[in-house]
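>>> Sequence first, then the predicted structure, then my questions.
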Amino acid sequence: PIDFLAVATVSFACGTAAGPWVVGALSGYFYQPSVLALTHTFALGWMTAAMMGVMYRYVPALTHGSLPYPRLLMPQLVLYVIGASGMVSHFALGSWSGIWSAALVVMASVALFAANIYPLLWPQVGRGVAETGMFLALGFLLIAAALGFLLAFDKSYGFLGGSVISNLASHAHLAAVGWVTLTICSISYRLVPALTLPEITLPKSAAWQLYALAGGVIGLAVTLLARVPGVAVWSVAIATALMAYIITMARLVWTHRKPIDWSVRHAIGGIAWLMVAIAMGITLALMGAESELGARIASGYGVAGILGWFGNFIIGISYYLFPGFVIRARSLQRWRPMGAAEISTQQLRLIVFGAFNFGLVLVVAGLLASRIGVCVIGAIAIAMGGLMYSTATMWTLSFAYRRGEA
């Protein structure tokens, strides 16, 4: 797990550092090589790698089991780094043959990941909310990876019908909502009560929210691929399921008994950005992304979702989980025990939260108003927060690789 988290942190640092140079292209139009490369730096290099690392540690603990094929972990990691970096670099170069070749490697890595995780989750489907949600989310990851390969392959051989934009939107929502959002909802249904009110019992509606979200993603993806009416209907269904999630999370936070720390603050920030993304998503479903205004809204929608919603949650969850993962790794190596306070730092968290979210406000506002200068300033603020966070996180993770004193 630590290796995946290290890959994710380095990818996040690279993505935020590249942002100021790419945001100008994003303000022009989102379907460009540099923008696609940056998007996959975050989506594959950061978010998916981080979630794989968390699930490799979290799922066995949650299900009281052990990974069935532990020897597959290192080959899976190697394949993932090769495939993800290959896709990002070939997106930047505009080489579609290189993209779909690298996508095949990513698909192989995802299949190995599923082989280790599915046997643990399957017996708990329908019993545990988090386990059921992660089981469904992993299925969406497999489908999104396969569709992404087909879209890239189609660029070389031209066998898919339909609109490029609608096909791309289907792939994006399978990955962003089906895989990432469903995983975040599932994990937060277990972690947020632990952070705020440990004895609270989740309502039965939590499980139905996950099923409704999964159903909405399937409906939207099929509708976009088939180019049939119903995009707005399925978008509203997804928005409704996410609003149910927001209401449940709000109840947990408002009834807290523990002090609100930076993990919870980032969770609150993430939910605020999720509401922004929901509003933009509904707007896009009604007006489309083909017009100039629609393209600007689509760009803002992507930033609000990827960095605002996903980004805040992953940063927040890392503050809570990563030190524990490192302590566990040191214990397995039988190295000197160290406490969470020894291997993590609190000093930069206020600056990270402020710079990251203030930068997001500027970027999204600049994209909507078509003000490149505002976007660049916002991207610089995001880079400052992102690089500070990545430096502190890599320092924490480094204690899993060395015996050194704090």
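Cool, got the structure.
>>> How about Ala169, nearest residue that isn't a chain neighbour?
In space, and not counting its chain neighbours, Ala169 is closest to Leu224: 5.1 Å by CB to CB, 6 or more residues apart in numbering. In short, each C-beta sits where N, CA and C put it, glycine included.
>>> check which helix or strand covers that neighbour.
In this structure, Leu224 is located in helix 205-226 according to DSSP states H and E.
>>> Let me know the next secondary structure element after that helix.
Downstream of helix 205-226, the next assigned helix or strand under DSSP H and E is helix 231-254.
>>> May I see the buried residues of that next one?
Applying a neighbour-count criterion of 16 or more other CB atoms under 10 Å, one finds 231, 234-239, 241-242, 244-246, 248-249, 252-253 buried in helix 231-254.
>>> From the centre of the protein, point out the most distant residue.
Relative to the average C-alpha location in the chain, and by CA atoms, centre = their mean, no residue lies farther out than Arg336, which sits at 33.3 Å.
>>> how far away is it from Gly86?
Distance, Arg336 to Gly86, by CB to CB, to the nearest Å: 39 Å.
>>> Please apply the same query to Leu73.
Note on Leu73: its distance to Gly86, by CB to CB, is 20 Å.
>>> picking up where we left off before, flag the least confident of the buried residues of helix 231-254.
By predicted confidence, the buried residues of helix 231-254 are weakest at Val253, whose pLDDT stands at 68.
>>> rewinding a little: verify the contact between the residue nearest to Ala169 and Asn167 for me.
Yes. Using CB atoms under 8 Å as the test, Leu224 is close enough to Asn167 to be in contact (7.2 Å).
>>> In terms of neighbours, single out the busier of these two.
Set side by side, Leu224 and Asn167 give different neighbour counts by other CB atoms under 10 Å, the larger being at Leu224 (24 against 19).
>>> which residues does the more buried one contact?
Contacts here follow CB atoms under 8 Å, 6 or more residues apart in numbering; on that basis Leu224 touches 166-167, 169-170, 173, 231.
>>> Equivalent analysis for Met280, please.
Contacts of Met280 were listed using CB under 8 Å, 6+ apart, and they are 297, 300-301, 304.
>>> now do 6 Å
The contact partners of Met280, taken as CB atoms under 6 Å, 6 or more residues apart in numbering, are 297, 300-301.
>>> Inside helices: which ones of the residues you listed?
Using DSSP state H, the subset of these located in helices is 297, 300-301.
>>> mind putting the residues you listed in TSV, neighbour count and distance to Phe4 included?
As requested, the ones in helices among the contacts of Met280 are exported to TSV (neighbours: other CB atoms under 10 Å; distance: CB to CB, whole Å):
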residue	neighbour count	distance to Phe4
Ile297	22	33
Gly300	27	30
Tyr301	26	28
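>>> Looking at these, spot the one nearest Cys185.
Within the ones in helices among the contacts of Met280, proximity to Cys185 (CB to CB) peaks at Tyr301, which comes in at 18.7 Å.
>>> about what we covered before: I'd like the average pLDDT over the helix holding Leu224.
93.
>>> mind listing what's buried in it?
Using 16+ other CB under 10 Å as the burial criterion, the residues of helix 205-226 that qualify are 206-207, 209-210, 212-214, 216-221, 223-225.
>>> same check, this time on stretch 273-282
Buried positions in stretch 273-282, judged by neighbour count with 16+ other CB under 10 Å: 273-278, 280-282.
>>> Could you do stretch 72-81 as well?
Buried, per 16+ other CB under 10 Å, within stretch 72-81: 72-73, 76-77, 79-81.
>>> Distance check, Met70 against Pro1.
I think there's a mix-up here, since residue 70 is Pro and not Met. According to CB to CB, Pro70 and Pro1 sit 12 Å apart.
>>> Lys204 now?
The spacing between Lys204 and Pro1, counted by CB to CB, is 31 Å.
>>> doesn't Leu120 make contact with Glu131?
No. Using CB atoms under 6 Å as the test, Glu131 is too far from Leu120 to be in contact (8.3 Å).
>>> before we move on, back to that, which one of the ones in helices among the contacts of Met280 is nearest to Val376?
Nearest to Val376, judged by CB to CB, of those is Gly300 at 15.2 Å.
>>> Tell me how many other residues crowd Gln32.
By other CB under 10 Å, the residues close to Gln32 number 15.
>>> swap in Ile377?
Around Ile377 sit 18 other residues, with neighbours defined as other CB under 10 Å.
>>> ok, the residue nearest to it when sequence neighbours are not counted - contacts?
Distance criterion CB to CB, 6+ apart; nearest residue to Ile377, sequence neighbours excluded, is Leu362 at 5.7 Å. Taking CB under 6 Å, 6+ apart as the contact definition, Leu362 lies against 374, 377-378.
>>> The same query, at a cut-off of 7 Å, please.
Under the criterion of CB atoms under 7 Å, 6 or more residues apart in numbering, the contact partners of Leu362 comprise 374, 377-378, 381.
>>> Against Leu274, how distant is it?
Noted for Leu362: a distance of 19 Å to Leu274, by CB to CB.
>>> Before we move on, what's the pLDDT of Leu195?
In this prediction, Leu195 has a pLDDT value of 59.
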